[in-house]
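>>> the sequence isn't on hand, but the structure is:
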């Protein structure tokens with residue numbers, strides 16, 4: 001089994017109320033508009049979502065991957081999505097935890113991506129030569145950049161919306 005992957009854990013603080021921040025991050029458009037490389041998120045009739053992510057991967061070129069996820073937590077302070085039952089190849093997990101403290105809302109986001117293939121060549125013809133560790137390290141670097149950009153944009157958008165609603 002050939003496996004490559006990356007993970008990210010980070011947080012932001014915003015002036016927005018917890019309910020507003022939660023609704024903001026529950027909206028697929030937020031990820032499409034603010035997260036680099038997310039091409040679309042399709043919301044299916046059964047409530048599952050399919051993320052289409054396209055990224056430039058060094059040595060391998062431009063790649064597009066679809067990730068099908070289902071919600072497993074839907075609480076006031078927690079949203080969590082995991083791969084749909086039976087998904088074995090393109091795995092995406094993400095969770096958002098919300099906490100109100102000191103007049104601000106803290107949002108912690110955790111994301112994990114894993115690609116599994118029976119053979120490296122099923123991912124790309126050069127994947128076996130490069131090796132899983134090298135590809136995963138590059139994925140980790142890219143994910144860190146993407147999520148840093150996403151969190152910065154999200155905080156800016158949330159804070160702008162809060163000012164518009166409540167004033168400076």
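Perfect, thanks for sending it. Note that the structure is predicted; figures quoted are calculated from it, not measured. Residues are numbered from 1 along each chain as shown.

>>> quick test: name the residue nearest the centre of the chain.
Closest residue to the average C-alpha location of the chain: residue 111 at 5.4 Å, with Cα atoms, centre = their mean.

>>> was I right about it contacting residue 7?
Yes - at 6.8 Å, residue 111 counts as touching residue 7 under the criterion of Cβ atoms under 8 Å. Quick note: C-beta positions are derived from backbone N, CA and C, even for glycine.

>>> need the overlap of contacts for those two.
Listed as contacting both residue 111 and residue 7 by Cβ atoms under 8 Å, 6 or more residues apart in numbering are residue 143.

>>> where does the residue nearest to the centre of the chain land in three-state SS?
With DSSP: H, G, I helix; E, B strand; the rest coil as the basis, the three-state label of residue 111 is strand.

>>> which ones are touching it?
So residue 111 contacts 7-9, 92-94, 143, 147 (Cβ under 8 Å, 6+ apart).

>>> where does the nearest residue to residue 121 once chain neighbours are set aside land on pLDDT?
With sequence-adjacent residues excluded and distances taken as Cβ to Cβ, 6 or more residues apart in numbering, residue 121 is closest to residue 128, at 6.0 Å. Confidence at residue 128, expressed as pLDDT, is 89.
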